[in-house]
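Novice: My questions concern the predicted model and sequence given below.
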Amino acid sequence: MKKLIWIGVAIAALGFNHAMAQTRELSTSGQLLDRVVAIVNDGIVLQSELEAQMRLISQRLVDQGVQLPPRGVLRQQVLERLVIGEIQMQRAARLDIRITEEQLNSTLARIAANNKVSFEQLPQVLAQQGLDYADYREEMRREMTISQLRQRDVDSRVNVSERELDQLMEAQTSGAAAEFEMSHILISIPSSATPEQLEVASDKAQTVYRRLLQGEEFSEMAVSYSDAQDALEGGYLGWRKGAQLPTIFSDIVPGMKAGQISEPIRSSSGFHIIRINEVRGVDPVIVTQSHFRHILLTANELKDDATVETELMAVRQRILDGEDFGAVALAVSEDPGSGSEGGDLGWTEPGTFVPEFDAVVKDLQIGEISEPFKTRFGWHIVELLEVREYDSTQDKLRNEAYMAILQRKVAEQSEIWVRQLRDEAFVEYKL
């Protein structure tokens, strides 16, 4: 993103001292082109950036049906988000975290595919929505950079233990497996807050809480007063399972009803107010599982694909003539995972294997052995042993529990990480 806009002037370099010395950039005719609204360490945030974000966020809030707060309040919230983003980008630069053109194009191609348009059509589609493709690319690069930084600083240091999983599964069994659609307001405190700062934050949280009880709209209060990263989304957290709840909420939220608002909850990052928008249960998950075994042979310098296919056809014929599939697999299969198990692949669900494997096995009948076919791993023959309807609710819950605990821990640590970065930075507002 260009930090400075100059018209008719070629600039080779601009030092920080120059940026500090002036908060306005003027053309030779004296026309105001841009101005600095915040100094962030050795970087700046410009008025043009602030106004652009104000327009985008205002439009999004209007589209969501959220009444806009006073312009001054919204401006301060947006500016704080830009300041934090600048701090994060500066740290990413120091750590040499960069997004390549290939990585960026791959991400944009996925976004295009998800919206059922081609990569080549994306600029036109964005233009129809009033978005400049070049700006969109740079904003996406920025988001990807910050995401990689967060993975380095936060995600990589978060672990989930088997004990945590077991404890959560017990809680789910006892009825805590409900899902909650939630919104959130955070009144933050510095990482080393004084008693006076704590009192001020607590009074502010209580004031917000009372106004909510008196009927003020939660999303509007979040936009105006919340210090959380989701403030400009109206504090909306989406649907969360009991497992995804931050630790400080886990004893409170499960007992709340739809529409209920919690009293301020104290944590290391500040005072939280939660609203439960809706509650829903978890439905059983019944899936069709298939039990396969296979034999894998691979081509190499001495055997090409045609030779391997011929060998595998001969192996298949041996089994059809009466030899035991498991014994043959044990003797000839080159699959390091299943070969020693007689080719047994265990019980699997649709989509477990690579697409070319799934395309063949989905049509097999029980006891049928496929013709030889090729995947990226080599040449296979597969036998379907059994099919069953299986209640995978607990398996699904355990997998979701792992991801939920991980996401909960990452969310908690991310909030602390952002506040620490902010507290350690030099920030001077120029509004």
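Specialist: Everything's here; your move.
Novice: What about the residue of the chain positioned farthest from its centre? Give its phi and psi, please.
Specialist: Within the chain, the residue lying farthest from the chain centre (Cα atoms, centre = their mean) is residue 321, at 53.0 Å. Phi and psi for residue 321, reported as degrees, to the nearest 10, are phi -80, psi 0.
Novice: For the spatially closest residue to residue 305 that is not a sequence neighbour, what is the enclosing helix or strand?
Specialist: What sits nearest to residue 305 in space, not counting adjacent residues and going by Cβ to Cβ, 6 or more residues apart in numbering, is residue 299, at 5.1 Å. Bear in mind the C-beta positions are built from the backbone N, C-alpha and C, glycine included. Using DSSP states H and E, residue 299 maps to neither a helix nor a strand.
Novice: swap in residue 210?
Specialist: helix 195-213.
Novice: would you put the C-alpha positions of that helix in CSV?
Specialist: Provided in CSV are the C-alpha atoms of helix 195-213 (Å, rounded to 0.1, in the frame of the first residue of the first chain):
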residue,chain,number,x,y,z
PRO,A,195,-5.3,0.0,39.8
GLU,A,196,-6.6,3.3,38.5
GLN,A,197,-6.6,1.9,34.9
LEU,A,198,-8.5,-1.2,36.1
GLU,A,199,-11.1,0.9,37.8
VAL,A,200,-11.6,3.1,34.7
ALA,A,201,-12.0,0.0,32.5
SER,A,202,-14.4,-1.7,35.0
ASP,A,203,-16.6,1.5,35.2
LYS,A,204,-16.7,1.7,31.4
ALA,A,205,-17.7,-2.0,31.2
GLN,A,206,-20.5,-1.6,33.8
THR,A,207,-21.8,1.5,31.9
VAL,A,208,-21.9,-0.4,28.6
TYR,A,209,-23.6,-3.4,30.4
ARG,A,210,-26.3,-1.1,31.9
ARG,A,211,-27.0,0.5,28.5
LEU,A,212,-27.4,-2.9,26.9
LEU,A,213,-29.8,-4.0,29.6
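Novice: Contacts for the following helix or strand past it, please.
Specialist: Sequence-wise, the next helix or strand downstream of helix 195-213 (DSSP H and E) is helix 218-225. Residues outside helix 218-225 that contact it (Cβ atoms under 8 Å, 6 or more residues apart in numbering) are 61, 64, 66-70, 73-74, 77, 183-185, 187, 204, 208, 211-212, 228, 230-232, 234-236, 261, 275.
Novice: switch to 6 Å and redo it
Specialist: Residues outside helix 218-225 that contact it (Cβ atoms under 6 Å, 6 or more residues apart in numbering) are 66-67, 69, 73, 183, 185, 208, 231, 234-235, 275.
Novice: So what angle separates the directions of that helix and helix 195-213?
Specialist: On the basis of axes from the mean of the first three to the mean of the last three Cα atoms, to 10 degrees, helix 218-225 is oriented at 150 degrees to helix 195-213.
Novice: Which element, helix or strand, includes the nearest residue to residue 259 once chain neighbours are set aside?
Specialist: Spatially, and ignoring its direct neighbours in sequence, residue 259 is nearest to residue 276 (6.8 Å; Cβ to Cβ, 6+ apart). Assigned by DSSP H and E, residue 276 falls within strand 270-280.
Novice: right, and the helix or strand after that strand?
Specialist: strand 286-297.
Novice: got the CA positions of the helix or strand just after that next one in CSV?
Specialist: Next in sequence after strand 286-297, counting helices and strands by DSSP H and E, comes helix 305-320. Taking C-alpha atoms only, helix 305-320 is exported to CSV below (Å, rounded to 0.1, in the frame of the first residue of the first chain):
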residue,chain,number,x,y,z
ASP,A,305,3.7,-48.6,-15.9
ALA,A,306,2.7,-51.2,-18.5
THR,A,307,4.9,-53.8,-16.8
VAL,A,308,3.5,-53.1,-13.4
GLU,A,309,-0.1,-53.2,-14.6
THR,A,310,0.6,-56.6,-16.2
GLU,A,311,2.2,-57.9,-13.0
LEU,A,312,-0.8,-56.7,-11.0
MET,A,313,-3.3,-58.3,-13.4
ALA,A,314,-1.4,-61.6,-12.7
VAL,A,315,-1.6,-61.0,-8.9
ARG,A,316,-5.3,-60.4,-9.2
GLN,A,317,-5.8,-63.7,-11.2
ARG,A,318,-3.9,-65.6,-8.5
ILE,A,319,-6.4,-64.3,-5.9
LEU,A,320,-9.4,-65.1,-8.1
